[in-house]
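> Build me a model:
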Amino acid sequence: MDNTVTNPIVIMLINMSIVFGVLFILNIFIRFIHFIDPTKVRKKAVPERAAAPARAAVQTASAPVVASGISGETVAAIAGALAAYGVGFSQIKAIRPAERNSWAGAARINGLRNKR
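Below you'll find the predicted structure:
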């Protein structure tokens, strides 16, 4: 009696069942690790009275210092990009052009123009 399975569909279903079973077990294991994670910072309950002055301080923050020659559209684009990254507009201290070394800029342009 030969008990070998030669049907490729049956072999595929067995293999896929094993793979998805292992993935399910790994998913449970990862969720368990996240649940017992000792390095996770636990949020403490903050009373509403203590949180209100912090919100007021954030809203009254001064506008960032913008260097001359930078348009309002550029400031808006920078603020939007930082907001997408998770930085609040009140955290921006200044917007100014970056100092660039002319030799480094020449090397960068030369590297972009050279085709290998």
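> OK, contacts around the residue nearest the centre of the chain?
Centrality entry for the chain: nearest residue to the mean C-alpha point is Tyr85, 6.8 Å, by Cα atoms, centre = their mean. Applying Cβ atoms under 8 Å, 6 or more residues apart in numbering to Tyr85 gives no contacts. Bear in mind the C-beta positions are built from the backbone N, C-alpha and C, glycine included.
> Domain map for the protein?
Domain ranges of the chain: 7-38, 63-97, per automatic domain parsing.
> so how far is the shortest one from its chain's centroid?
In terms of Cα atoms, centre = their mean, to the nearest Å, the centre of domain 7-38 is found 27 Å from the chain centre.
> count of residues packed around the closest residue to Ala67 other than its chain neighbours?
The spatial neighbour of Ala67 that comes closest, neighbours along the chain excluded (Cβ to Cβ, 6 or more residues apart in numbering), is Arg96 at 3.9 Å. For Arg96, the neighbour count with other Cβ atoms under 10 Å is 13.
> I'd like the distance between Arg96 and Pro64.
From Arg96 across to Pro64, the span is 10 Å (Cβ to Cβ, to the nearest Å).
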